[in-house]
Structures are given as structure tokens and as C-alpha cells.
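> Structural data only, the sequence is not supplied:
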């Protein structure tokens with residue numbers, strides 16, 4: 001009982017000494033700058049401020065935002081987490097201009113942040129920030145310190161409060177988000193990042209040069225596929241191929257908001273002598289190409305075993321190991 005009295009006193013003080021925003025109000029820049037730790041979801045361990053979602057401050061990436069203001073001891077908040085929040089996050093997961101998240105107070109009374117994230121039925125990890133000082137309730141609580149849990153608030157691309165209320169179902173939430181996106185118009189249609197690369201070859205070694213661009217955000221993630229089964233997440237990787245051939249290289253990128261870019265790809269052709277250490281087809285390295293090599297290549301394709309010289313499995317030299325290599329090795333054995 002004493003614990004909950006202390007909690008309620010803390011909430012009351014927070015509400016009394018915080019700016020309270022009504023519908024139509026624009027959030028003050030000082031409040032936008034306050035940072036909160038992300039305790040669950042894709043950006044776990046980082047921090048978030050409302051200023052990060054302000055296109056006038058972040059370089060032109062505009063968002064519409066929905067916040068579920070909850071506390072772990074609040075039964076209606078639990079119901080909201082179980083039936084609404086995850087569904088909403090799944091609905092808008094592929095739209096980089098919509099940010100739904102939960103501000104969660106009073107961790108471990110009784111739920112931890114991770115346990116709260118596991119309450120919902122959504123397929124994505126819920127985006128939760130820890131609010132130990134009840135800032136969000138003070139700013140956006142709709143009905144006072146004791147009756148306001150859970151509160152829900154909608155903030156448009158101009159950091160203006162569009163709507164706030166108590167418990168809402170997911171259809172009501174999605175409807176208001178759709179209206180906010182319509183009002184946002186072209187500001188909320190950000191062009192995706194564009195992947196692009198060049199490369200320099202030195203024998204079988206290739207240095208890849210990232211040239212990816214984004215008009216309204218920063219490219220922060222790179223996923224390379226070199227076409228020979230090797231990958232990298234470096235921005236400027238160097239890769240050495242085992243055998244000459246033509247390789248299909250792809251680059252996928254995303255920005256700091258998680259927006260996926262448009263893939264770029266090229267075929268690159270490498271000439272020169274193989275540094276595989278074994279002749280083509282001789283994956284066992286025993287000096288001859290025979291039925292044992294076919295078995296080893298088949299296991300390699302199936303992923304059940306890696307031969308001593310996997311580079312020799314690419315008998316056709318096309319940068320891939322597949323059934324065509326087995327056919328060519330078998331033909332070589334039959335011809336000899």
C-alpha cells in the first residue's frame with residue numbers, strides 16, 4: 001500500500017510540474033529535446049527524443065507518431081498492450097514515416113520492459129521507451145494523474161498534438177494515423193535510400209566503394225552479397241575470390257530510421273589464375289576428380305558438409321555452386 005501511495009505522489013508531482021499539452025498545442029522544443037532510453041525493440045539500448053521525429057530538426061524526415069502512455073501496474077494498460085499496441089505496430093511496420101511506441105513507467109511493478117514487450121500478439125518487437133519520471137503522462141495524460149492510464153496521444157509531422165484520449169481499439173488508432181498521413185501529404189513520402197557502388201580489382205581481390213545516397217536521411221546499414229556465398233556488413237569491404245569467373249554482386253542499404261533502400265547490383269568478371277589450392281572439381285584435394293568429389297559437392301549444396309576445397313566446387317566458374325557443377329563434374333569423370 002505504501003509503495004502505491006509513493007507512486008501516486010510521484011505521478012502527481014510530475015503532472016503538476018510538467019507542461020500539459022492539449023489538442024492543437026505544439027510541443028515545446030525543450031520538451032522535444034528530452035531523451036528516453038529505448039528498453040525494447042529494434043533500437044534497444046539507444047535513446048529517443050521527440051526532436052528525433054521532427055523533420056525540421058532531423059534533416060527533413062517527417063513522421064506521424066502514436067504514443068501509448070502506460071505503467072506496468074495498470075490493468076487497463078496491460079489490456080492495451082495485449083490487444084492493441086502490437087497490432088498497430090505490425091500494421092505500420094513497413095511505413096518508415098509512422099512511429100508507434102509505448103512510454104512505460106514503473107518498471108518491475110510487476111513487469112520488466114522485456115516482459116511488457118512479450119504481452120502483445122504482434123509479430124514485431126514492440127518499440128518501448130522507459131519513462132521513469134512520468135514525463136509523457138505529465139505532457140499528454142488526458143484525464144488527470146490517477147484516471148489517465150493508459151493515455152494515448154497522436155502527434156503530427158509539425159509536432160502538434162492532434163488527438164489524445166484513454167483506451168482505444170486498434171481500428172480507432174489506425175484510422176487517426178491514416179488521417180494524419182493524408183494531412184502530412186508529400187512531407188510524409190520520403191524517397192528511399194538508393195544503393196550504389198563502384199569497385200576496383202587487383203587480380204582476384206576486389207575493393208568495393210559505397211556510393212549510396214539518401215535525400216532526407218543517412219545511410220547507416222549495408223548488406224553486401226558477393227555472389228560466391230560470402231557477405232559483409234561493412235561500408236567499404238574488400239573481398240578476395242577463390243576462382244576467376246563472373247559474380248552477381250548486390251548491395252542493400254537502410255537508413256537510421258530502418259527504411260529499406262533500393263537495391264543495386266552488378267555482374268563483375270574476374271580473370272586470372274585460381275588461388276584455390278586445388279584443381280576445379282577436386283574438392284577433396286586428393287589429386288583426382290572422382291565420385292567422392294560429386295558426393296562432397298552435393299553435401300556442400302545441401303549444407304550438410306563443407307569440403308576441404310569448397311572453391312573447387314564451382315566447376316563451371318559462374319560464381320555459384322549448384323547442380324550444374326555436379327553435372328559438369330560427372331561429365332568430366334565419364335569422359336575420362
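Cool, the structure landed. Here the structure is a predicted model, which means the values were calculated and not measured. Numbers count the residues shown, from 1 in each chain.
> where do the helices sit along the stretch 51-200 of the chain?
75-80, 86-91, 113-117, 135-140, 170-184 (DSSP state H, counting those that start in this stretch).
> And the last one, how far out from the chain middle?
Put simply, helix 170-184 sits 23 Å off its chain's centre (CA atoms, centre = their mean, to the nearest Å).
> Please name every helix or strand in contact with that helix.
Taking 3 or more CB pairs under 8 Å, 6 or more residues apart in numbering; DSSP states H and E as contact, the helices and strands that helix 170-184 lies on are strand 64-71, helix 86-91, strand 98-105, strand 151-155, strand 161-165. Where you see a C-beta, it was placed from the backbone N, CA and C, and this is true even at glycine.
> which stretches of the chain form strands?
Secondary structure of the chain (DSSP state E): strands located at 36-40, 47-48, 64-71, 98-105, 128-130, 151-155, 161-165, 197-202, 205-210, 219-225, 231-232, 238-240, 245-255, 264-270.
> Which residues are in contact with the most centrally placed residue in the chain?
The residue lying closest to the centre of the chain (CA atoms, centre = their mean) is residue 258, at 4.6 Å. Taking CB atoms under 8 Å, 6 or more residues apart in numbering as the definition of contact, the neighbours of residue 258 are 42, 96.
> mean pLDDT for the helices and strands packed on helix 170-184: which is lowest?
Sorting the helices and strands packed on helix 170-184 by mean pLDDT places helix 86-91 lowest, at a mean of 88.
> So which residues make contact with it?
By CB under 8 Å, 6+ apart, the list of residues contacting helix 86-91 from outside reads 66, 100, 119-124, 126-127, 170, 173-174, 177.
> Mind checking the helices and strands packed on helix 170-184 for the one nearest to residue 253?
Nearest to residue 253 among the helices and strands packed on helix 170-184 is strand 98-105; the distance by CB to CB comes to 20.4 Å.
> and that closest one, what does it pack onto?
Using 3+ CB pairs under 8 Å, 6+ apart as the contact definition, the elements that strand 98-105 packs against are strand 64-71, helix 113-117, strand 128-130, helix 135-140, helix 170-184.
> Among those, which comes closest to residue 28?
Going by CB to CB, the one of the helices and strands packed on strand 98-105 nearest residue 28 is helix 135-140, 9.4 Å.
> I'd like the distance from the closest one to the chain centre, please.
Average the C-alpha atoms of helix 135-140, do the same for its chain, and the two points are 28 Å apart (CA atoms, centre = their mean).
> tell me the mean pLDDT for it?
In this model, helix 135-140 has a mean pLDDT of 92.
> now the helices and strands packed on strand 98-105 in CSV, with mean neighbour count and distance to residue 295?
What follows is the helices and strands packed on strand 98-105, written out as CSV (neighbours: other CB atoms under 10 Å; distance: least, CB to CB, whole Å):
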stretch, mean neighbour count, distance to residue 295
strand 64-71, 25, 57
helix 113-117, 19, 46
strand 128-130, 22, 51
helix 135-140, 24, 62
helix 170-184, 16, 54
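> and of the ones you listed, who's closest to residue 245?
With CB to CB as the measure, helix 113-117 is the member of the helices and strands packed on strand 98-105 nearest residue 245 (46.1 Å).
> List the neighbours of the closest one that are in contact with it.
Looking at what lies outside helix 113-117 - CB under 8 Å, 6+ apart - the contacts are 39-41, 70, 72, 81, 102, 104, 107, 125-126, 128, 130.
> Hmm, which of these is lowest in pLDDT?
Among those, pLDDT bottoms out at residue 125, giving 80.
> I'd like the distance between the nearest residue to it once chain neighbours are set aside and residue 286.
If the residues on either side of it in the chain are set aside, residue 125 comes closest to residue 41, at 4.6 Å by CB to CB, 6 or more residues apart in numbering. Using CB to CB, to the nearest Å, residue 41 is found at 52 Å from residue 286.
> Looking at those two now, which is surrounded by more residues?
More neighbours sit around residue 41 than around the other of residue 41 and residue 286, counting by other CB atoms under 10 Å; the figures are 18 against 12.
> ok, the more buried one touching residue 128?
Yes: the pair formed by residue 41 and residue 128 meets the contact definition of CB atoms under 8 Å, at 6.0 Å.
> what is in contact with those two at once?
Taking CB under 8 Å, 6+ apart as the criterion, residue 41 and residue 128 both touch 101, 117.
> So in the protein, where's the weakest helix or strand by average pLDDT?
Taking all helices and strands of the chain together, the one with the lowest average confidence (mean pLDDT, DSSP states H and E) is helix 2-16, at a mean of 45.
> show me what contacts residue 43?
With the criterion set at CB under 8 Å, 6+ apart, residue 43 makes contact with residue 127.
> Show the model's pLDDT score for it.
Looking at residue 43, its pLDDT is 76.
> got the phi/psi numbers for it?
phi -100, psi 30 (degrees, to the nearest 10).
> separation between it and residue 107?
17 Å.
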